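let me see the structure of the following:
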Amino acid sequence: MSPADEPEQLLLIHGLGGTRTIWEPVIPLLEKEREVHAIDMPGFGQTPPLPEGEEATALNLARAVHEVCVRNGVERPHVAGNSLGGWVALEMGRCGWAASVTTLSPAGLWSRPLGEPQGGGARALLRGSPWLKAARPFLPVALRFPQTRAAAFQSIAAHPERIPPDAAHDLVLGWLDGEGYEAANRAMRDHVFDPSGYPTDVPVTIAWCEKDRLLGPPKPHRRPAGARFLVLPGVGHTPTWDDPELVAQTLLEGSAVTSPHP
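Next up, the predicted model:
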C-alpha cells in the first residue's frame with residue numbers, strides 16, 4: 001500500500017474522569033476507514049499525571065498528548081474529543097498539531113470560568129468516600145443490574161441501559177482511579193476556551209449532544225470562526241454507547257474535511 005492509499009490517522013481523546021475505553025463501541029466502525037489511536041490523557045487510565053507544578057489546563061494536556069503522538073509516529077492526525085477531551089482537541093488544532101478537530105459536547109465553551117462547584121463538588125467528595133471504597137469489591141455485581149447502571153450513568157448517557165456491565169465497571173474504576181481528576185477538574189473550571197486567532201486552516205466540527213445533562217450548549221462567541229455546529233439527536237454527554245453509528249458517522253465526516261468549512 002502506497003502512502004497515498006493509507007487510511008487517515010484519527011486520534012480519540014476521552015473526557016474528564018474517563019479513559020480510552022469510552023471509545024470501544026465506535027472503534028470497530030471507525031477502523032473501516034481510519035487508522036485509530038485512542039489514548040488515555042495524563043492522569044487517567046494508564047497514563048501518569050503531568051509533572052508536579054504543571055497546571056492541568058487543556059493546553060498543557062494537549063501538549064503532553066502531542067508529545068506522546070510524536071514519539072509514536074503520529075505526527076498530525078485528525079483529532080476527536082469528548083467533553084474535556086474536546087477542549088484538548090481544540091487546543092491541538094490551535095497549535096497546528098491536528099489536521100482537523102471534531103468535538104462531542106466540548107468543555108470550555110462557557111461564558112466565564114465556572115469556579116468551584118456548588119455544594120463543594122459532590123462527585124469529587126464521593127470519589128474519596130470510605131463508603132465507596134468499601135463498596136468497590138461489590139461493584140461488578142451491582143453494575144449487572146440495569147437499575148444500578150441507570151443511576152450511575154444517567155448524567156452522561158441518554159440510554160445508560162445500553163452500557164454493558166463490564167464497560168460500566170471500567171467506567172467507574174476509571175473515574176475512581178484517575179490520579180489527575182482533581183487537578184484537571186480544577187483547571188477546567190478555572191478557565192475558558194479562547195477562540196480568538198484560531199487558525200483558519202484547521203477544520204472544526206462542534207457536535208452537541210442533544211440530551212446532555214452536564215453542560216449547556218456552547219456559547220456562539222466561544223466557537224472558532226467558521227466552525228461547523230450540529231446537534232446529535234437523542235444522545236447524552238458521552239454518546240458512544242447511546243448511538244455508536246451516529247457518533248462514528250460524525251467523526252468520519254469531521255475527519256474527512258481537508259479545508260475549512262464554508
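
show me where the protein has helices.
Using DSSP state H, the helices of the chain run over 27-30, 58-71, 84-94, 122-127, 130-135, 139-142, 146-153, 165-177, 181-190, 244-254.

hey, which of those helices is tucked in deepest?
Across the helices of the chain, averaging neighbours per residue (mean count of other CB atoms under 10 Å) puts helix 84-94 on top, at a mean of 29. The way it works is simple: take the backbone N, C-alpha and C, and place the C-beta from them, glycine included.

against which helices or strands is that helix packed?
strand 8-13, helix 58-71, strand 78-82, strand 101-104, helix 181-190, strand 204-209 (3 or more CB pairs under 8 Å, 6 or more residues apart in numbering; DSSP states H and E).

pretty sure C95 contacts L61?
No. Using CB atoms under 8 Å as the test, C95 is too far from L61 to be in contact (11.8 Å).

JSON lines for the helices and strands packed on helix 84-94, including mean pLDDT and distance to V88?
JSON lines is the format used below for the helices and strands packed on helix 84-94 (pLDDT from 0 to 100; distance: least, CB to CB, whole Å):
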{"stretch": "strand 8-13", "mean pLDDT": "97", "distance to V88": "5"}
{"stretch": "helix 58-71", "mean pLDDT": "97", "distance to V88": "5"}
{"stretch": "strand 78-82", "mean pLDDT": "98", "distance to V88": "6"}
{"stretch": "strand 101-104", "mean pLDDT": "98", "distance to V88": "9"}
{"stretch": "helix 181-190", "mean pLDDT": "94", "distance to V88": "10"}
{"stretch": "strand 204-209", "mean pLDDT": "97", "distance to V88": "13"}
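
could you dump these into JSON lines and include distance to W241?
Formatted as JSON lines, those follow (distance: least, CB to CB, whole Å):
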{"stretch": "strand 8-13", "distance to W241": "15"}
{"stretch": "helix 58-71", "distance to W241": "24"}
{"stretch": "strand 78-82", "distance to W241": "12"}
{"stretch": "strand 101-104", "distance to W241": "13"}
{"stretch": "helix 181-190", "distance to W241": "21"}
{"stretch": "strand 204-209", "distance to W241": "12"}
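
among these, which comes closest to T238?
strand 78-82 (5.7 Å; CB to CB).

just want the angle from the closest one to helix 84-94.
For strand 78-82 against helix 84-94, the angle by axes from the mean of the first three to the mean of the last three CA atoms, to 10 degrees is 150 degrees.

so what's E161 up against?
Applying CB atoms under 8 Å, 6 or more residues apart in numbering, we find E161 in contact with 146, 149-150.

quick one: which of those residues is nearest G86?
Of all the contacts of E161, G86 sits closest to R149, with 24.3 Å by CB to CB.

what's the neighbour count on P137?
Neighbourhood size, P137 [other CB atoms under 10 Å]: 8.

how far away is the spatially closest residue to R94 that is not a sequence neighbour from S111?
Leaving aside its chain neighbours, R94 sits nearest to Y198 (5.9 Å; criterion: CB to CB, 6 or more residues apart in numbering). Relative to S111, Y198 is positioned 18 Å away (CB to CB, to the nearest Å).
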